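Visitor: generate coordinates for the sequence data below:
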Amino acid sequence: MTMIKTILLVEDDFLNRRLAKKILTGQGYEVAEAKNEQEALASLEAGTIDMAILDINLGEQELGGISIGRRMQHSGIPFLYLTAYDVNDIVAKAVATAPQAYLTKPFKEVDLLTSVQLAFQKFTEAGQTRASMRVKEGDYFVDIYLDDIDYLEAGGNYLLCHAQNKVYRNRSSVKQIMETLPAAMFVQTHRAFIVNKAKIEKFNLKSLIVRDTVIPVSKNFVHNINLIQQR
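Guide: This next block holds a predicted model:
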């Protein structure tokens, strides 16, 4: 398990900042706010930030978010851009700073949370540390290591995450979570199931076994059996 993460939210628009903060705190993150580059840099210098979400246009300073991103490239802190811009040259300037993710406005709640998770994921993988996932255990949020996960199962509005003889919840869809999980570690076997390849005990073209649980392999995902055979 890891400690609660603090996200720096740099956004000059109060309503957008309030919406994003509500979504992030609802998922168990601590949120530090900044409405301009100066406030953002002060928060970063305080040394308590685990990730930054940077709006590209900060009002008075056009592309102020990219300026912050340039400073953060070698800071050891992951960051992503939140912006309404889709102009090629602006996108190119943003991408050149090597953000972990890029999210355009307007955004849905699940899109923001997935982008944050993806950013943390890519950052930890690049640093070759144990990657983790934010999940809910009862009324509390916790982070669990990906290599501890046995399998994930669609369950209504949540994904049910089976790990170490416990079941956690993650507010995402199978499609969205597959975009954040490392392909070398996980494989989808059914529209409702994702499996940690290292935890597979045995398998055939119709099902596989993980911790004595039978998990189906549907026709649409039989081709992924080849990926399992290569593990």
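
Visitor: what's the local residue count around the closest residue to G59 other than its chain neighbours?
Guide: Once flanking residues are discounted, G59 sits nearest to D12: 4.3 Å by C-beta to C-beta, 6 or more residues apart in numbering. To be clear about C-beta, it is placed using only N, CA and C from the backbone, and glycine gets the same treatment. Neighbour count for D12, taken as other C-beta atoms under 10 Å: 19.

Visitor: repeat for Y140
Guide: 8.

Visitor: now swap in the one 10 residues further on and tell me
Guide: The tally of other residues near D150 (other C-beta under 10 Å) stands at 20.

Visitor: mind checking the SS state of it?
Guide: Secondary structure, DSSP: H, G, I helix; E, B strand; the rest coil: D150 is strand.

Visitor: that one against H162, yeah?
Guide: Yes: counting by C-beta atoms under 8 Å, D150 touches H162, with 4.6 Å between them.

Visitor: now list whatever residues contact both of those two.
Guide: Common neighbours of D150 and H162 (criterion: C-beta atoms under 8 Å, 6 or more residues apart in numbering): R211, T213.

Visitor: residue nearest the middle of the protein, spatially speaking?
Guide: Q117 (1.2 Å; C-alpha atoms, centre = their mean).

Visitor: which residues of the protein score low on pLDDT?
Guide: The chain contains residues with pLDDT under 70 at 1-3, 60-63, 74, 86-87, 127-129, 226-231.

Visitor: domains in it, by residue range?
Guide: 6-126, 148-229 (automatic domain parsing).

Visitor: which stretches in the protein count as helices?
Guide: 14-26, 37-45, 64-72, 88-95, 109-126, 174-178, 225-229 (DSSP state H).

Visitor: tabulate these (CSV), appending distance to I194.
Guide: Converted to CSV, the helices of the chain look like this (distance: least, C-beta to C-beta, whole Å):
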stretch, distance to I194
helix 14-26, 24
helix 37-45, 35
helix 64-72, 32
helix 88-95, 29
helix 109-126, 14
helix 174-178, 6
helix 225-229, 12
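
Visitor: and those helices: which comes nearest V210?
Guide: V210 lies closest, by C-beta to C-beta, to one member of those: helix 225-229, at 11.3 Å.

Visitor: compute the first-to-last residue distance for stretch 208-217.
Guide: One end of stretch 208-217 sits 7 Å from the other (C-alpha to C-alpha, to the nearest Å).

Visitor: meant to ask about stretch 148-163, not that
Guide: End-to-end distance (C-alpha to C-alpha), stretch 148-163: 6 Å.

Visitor: got it, and stretch 90-108?
Guide: Stretch 90-108 end-to-end distance (C-alpha to C-alpha) = 23 Å.

Visitor: can you give me the buried ones in it?
Guide: By neighbour count with 16 or more other C-beta atoms under 10 Å, stretch 90-108 contains the buried residues I90, V91, K93, A94, T97, P99, Q100, A101, Y102, L103, F107.

Visitor: re the thing from before, residues contacting the residue nearest to G59?
Guide: K35, N36, D55, N57, L58, G59.

Visitor: can you give me the distance of the nearest residue to the fifth one once chain neighbours are set aside to R171?
Guide: Think L58. Leaving aside its chain neighbours, L58 sits nearest to G64 (3.5 Å; criterion: C-beta to C-beta, 6+ apart). Remark: distance between G64 and R171 (C-beta to C-beta, to the nearest Å) = 31 Å.
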